[in-house]
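Student: Task: produce atomic coordinates for the following.
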Amino acid sequence: MAKISPFAPKRFPRLPKIAGLRLGAAACGIKHNMRSDLMVAVLDPGARVAGLFTRSATAGPTVRWCRDAMVGGMVRAIVVNSGNANVFTGRAGARDVAATARAAARVLDCAPGDVMVSATGVIGERLPISKLTAALPGLLAEAKAGAWQAAAEAIGTTDTFPKGAGRAARIGGVPVRIAGIAKGSGMIAPDMATMLAYLFTDAKIPAPVLRALLKEACQASFNAITVDGDTSTSDTVLLVATGAGSPHRRITRAGDPALGDFRVKLNAVMTDLARQVVGDGEGLSKFITITVTGAASDRAAKAIAMSVAKTVAATARDFRCRRNEVFIASTGVIGEPLPDARLIGALGALKRDLAPESWPAAARAIMTTDTFPKGATRQAEIGGRTVTLNGIAKGSGMIAPDMATMLAFVFTDAKIPAQTLQALLVPAADLSFNSITVDGDTSTSDTLMLFATGQAKHRRVAGAKDPALRGFRAALEDLLRDLAQQVVRDGEGAQKFVTIEITGAASRRAARRIGLAIGNSPLVKTAIAGADANWGRIVMAVGKSGEKADRDRLAIRIGGVEVARQGLVVPGYDETPVARHMTGREIEISVDVGVGRGRATVWTCDLTHGYISINADYRS
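Tutor: Numbers count the residues shown, from 1 in each chain. From the prediction side, this is the model:
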């Protein structure tokens with residue numbers, strides 16, 4: 001078992017019993033270590049429920065079941081298994097959810113639609129449904145009030161401690177209780193909920209009002225946390241009102257002033273649980289709170305502006321040009337004043353030492369955490385005349401570009417107008433720098449510039465669509481792709497270069513977004529670093545991209561080996577060749593999402609401890 005988080009509470013909180021609620025937990029054999037893996041919450045007739053769920057395009061069958069069952073707002077039981085997410089298991093997965101609900105409904109003499117079902121754990125493996133349904137009758141019968149800790153322990157996976165929180169509140173002066181449990185440690189970047197959370201109150205509140213209260217509280221709690229940027233396929237948060245507490249005034253709308261204290265306490269419980277989830281983040285050693293209350297001070301803004309202005313003025317003076325002909329770029333530590341006096345003082349000597357062959361020196365001068373200087377060259381023809389393109393770039397970390405990445409400067413001796421240069425650069429950047437990622441972070445200084453000296457003698461260019469530029473355009477795209485891939489290969493701490501090919505998307509833009517979702521996923525990248533052929537994480541990343549994907553037509557290849565097709569693991573799948581491929585330096589992942597003809601290629605690298613070491617010590 002993993003080492004307990006340094007942020008774990010000393011003991012599980014003493015939570016109040018909620019009238020009309022009984023809880024139970026058991027080990028039914030889903031987890032191999034025989035830890036508890038099945039939790040039930042049994043509600044008296046009349047309980048109402050509201051829920052929020054993942055927006056992942058590859059949401060699991062438990063989420064789809066609950067969304068449908070939620071329509072009536074009634075609930076008699078919640079059944080949760082851990083150790084197996086029951087996701088990406090095809091129609092069998094949906095049948096297993098229905099079988100779970102029917103088994104609970106038979107014991108409680110209610111409709112299957114009154115049973116909410118959740119699952120969390122490994123993706124892509126069939127749920128051992130017979131073990132679950134065999135354990136349910138006894139567990140439902142033995143459920144008892146106040147068994148909070150056992151319930152919280154049963155829903156955990158990589159969690160290092162059970163999570164619970166409770167508060168006392170008042171509605172119109174009448175005391176009511178709120179208590180809840182949650183699980184979550186990794187794959188935390190919620191979109192409407194995070195992992196699994198179940199909250200209960202003995203107040204009598206109708207389902208539409210519960211939903212409004214839940215949505216509001218979720219925005220300030222579960223939707224305000226992140227551990228690794230990844231969204232689970234099974235994220236669920238449910239709020240249940242048993243109505244079995246002390247009678248209070250009738251509630252018909254979320255804006256009722258009588259709910260003021262209840263709203264505050266519900267927010268407090270959910271914030272408490274959300275913070276516990278972050279405090280149990282996989283491998284964490286520090287808890288970070290970020291508060292943003294406006295921009296930097298006027299003084300700081302003025303200092304930055306003055307530094308840039310002085311540098312531009314000095315450069316224009318020394319090189320005898322207009323100020324609007326000087327372009328400035330910076331890279332390095334953020335938040336520290338630029339020693340512009342040193343920079344300006346060095347301009348004179350720099351001008352004297354200029355040389356046309358100083359490409360290596362120029363590439364080295366713009367490096368920060370780079371481990372090697374990056375350059376590329378190509379030649380092309382315009383109207384039968386040869387022109388040259390040379391480029392340098394820097395980049396190793398903070399790579400998730402949006403029009404460029406870090407710093408890249410490309411030069412050609414062709415004579416091409418600025419408007420045409422821009423028209424050529426934008427699509428070439430989309431196919432290169434905008435298709436790479438190292439860590440998902442976008443620098444505040446990302447710059448890509450294309451310069452044409454006009455010294456080559458060739459026919460006049462009519463515009464970006466001029467057929468004479470066909471070869472130039474291809475050379476430019478190839479050069480930018482070369483530089484962009486060098487940036488990825490120099491990713492901070494990188495040991496593996498990863499090519500991700502996406503097909504079957506709704507559009508090229510959608511394909512790229514899906515590819516970047518996979519390439520930015522810390523869980524995918526760490527699996528690659530560890531040579532773990534965990535294709536379930538790829539499914540997760542596709543789902544969190546926000547783009548359309550057909551779960552039942554999804555196909556995955558790793559290293560050319562077919563892993564999944566038609567939404568299921570391929571029959572007789574042998575992981576051996578895939579695992580062997582994952583140990584190499586060059587990793588290839590192909591995903592077809594089955595909704596259209598859009599395709600794109602994205603490049604990324606693995607995520608190793610080297611990345612942590614470099615960035616933990618960056619300023620030192």
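
Student: which stretches of the stretch 451-600 of the chain form strands?
Tutor: 497-505, 555-558, 561-565, 568-569, 586-592, 598-605 (DSSP state E, counting those that start in this stretch).

Student: Ala365: which of those is closest?
Tutor: strand 598-605 (24.1 Å; C-beta to C-beta). C-beta: built from backbone N, CA, C; applies to glycine.

Student: chain center to stretch 337-353: distance?
Tutor: Centre-to-centre, stretch 337-353 and its host chain are 41 Å apart (C-alpha atoms, centre = their mean, to the nearest Å).

Student: Would you mind writing the CA trace of that stretch as PDB?
Tutor: The C-alpha coordinates for stretch 337-353 follow below in PDB (Å, rounded to 0.1, in the frame of the first residue of the first chain):
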ATOM      1  CA  PRO A 337      13.200  42.300 -13.000                       C
ATOM      2  CA  LEU A 338      15.200  42.200 -16.200                       C
ATOM      3  CA  PRO A 339      18.700  43.600 -15.700                       C
ATOM      4  CA  ASP A 340      18.200  45.800 -18.800                       C
ATOM      5  CA  ALA A 341      21.400  47.800 -18.100                       C
ATOM      6  CA  ARG A 342      23.500  44.700 -18.700                       C
ATOM      7  CA  LEU A 343      21.600  43.900 -21.800                       C
ATOM      8  CA  ILE A 344      22.000  47.400 -23.300                       C
ATOM      9  CA  GLY A 345      25.700  47.600 -22.300                       C
ATOM     10  CA  ALA A 346      26.400  44.400 -24.300                       C
ATOM     11  CA  LEU A 347      24.800  45.600 -27.600                       C
ATOM     12  CA  GLY A 348      27.800  47.400 -28.900                       C
ATOM     13  CA  ALA A 349      30.200  44.500 -28.700                       C
ATOM     14  CA  LEU A 350      27.500  42.200 -30.000                       C
ATOM     15  CA  LYS A 351      27.100  44.400 -33.100                       C
ATOM     16  CA  ARG A 352      30.800  44.300 -33.800                       C
ATOM     17  CA  ASP A 353      30.900  40.400 -33.600                       C
END
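
Student: I'd like the strands of the stretch 451-600 of the chain laid out as TSV, including mean neighbour count, mean pLDDT and distance to Pro61.
Tutor: Converted to TSV, the strands of the stretch 451-600 of the chain look like this (neighbours: other C-beta atoms under 10 Å; pLDDT from 0 to 100; distance: least, C-beta to C-beta, whole Å):
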stretch	mean neighbour count	mean pLDDT	distance to Pro61
strand 497-505	22	97	22
strand 555-558	21	96	19
strand 561-565	19	94	16
strand 568-569	20	91	13
strand 586-592	20	97	21
strand 598-605	23	95	27
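
Student: Select, out of these, the one closest to Thr437.
Tutor: When the strands of the stretch 451-600 of the chain are compared by C-beta to C-beta, strand 598-605 sits nearest Thr437, at 5.0 Å.

Student: now for that closest one, which elements pack on it?
Tutor: Other helices and strands packing on strand 598-605, by 3 or more C-beta pairs under 8 Å, 6 or more residues apart in numbering; DSSP states H and E, are helix 470-489, strand 497-505, helix 508-520.

Student: ok, and which of the ones you listed has the densest surroundings?
Tutor: helix 508-520 (a mean of 24; mean count of other C-beta atoms under 10 Å).

Student: what sits up against it?
Tutor: Helix 508-520 has contacts (C-beta atoms under 8 Å, 6 or more residues apart in numbering) with 229, 400, 430, 434-437, 439-440, 498, 500-503, 505, 524-525, 538, 541-542, 544-549, 589, 591, 593, 596, 598-604.

Student: what's Ala151 in contact with, if anything?
Tutor: Ala151 neighbours (C-beta under 8 Å, 6+ apart): Leu23, Gly24, Ala25, Met39, Ala41, Ile181.

Student: for the helices and strands packed on strand 598-605, which one sits closest to Leu450?
Tutor: Of all these, helix 470-489 sits nearest to Leu450, with 7.6 Å by C-beta to C-beta.

Student: Tell me which stretches of the stretch 201-350 of the chain form helices.
Tutor: Here the stretch 201-350 of the chain has its helices, by DSSP state H, counting those that start in this stretch, at 207-219, 260-279, 298-319, 340-352.

Student: Relative to Lys144, which of the ones you listed is closest?
Tutor: helix 260-279 (21.6 Å).

Student: What residues of the closest one count as buried?
Tutor: Of the residues in helix 260-279, 261-263, 265-279 count as buried by neighbour count, 16 or more other C-beta atoms under 10 Å.

Student: now stretch 58-66
Tutor: Using 16+ other C-beta under 10 Å as the test for burial, stretch 58-66 gives Thr58, Ala59, Gly60, Pro61, Thr62, Val63, Trp65, Cys66.

Student: any idea how far Gly471 is from the residue located most distally from the centre of the chain?
Tutor: The centre of the chain is farthest from one residue, Lys457, which by C-alpha atoms, centre = their mean lies 49.6 Å away. Shown here: Lys457 relative to Gly471, a distance of 16 Å by C-beta to C-beta, to the nearest Å.
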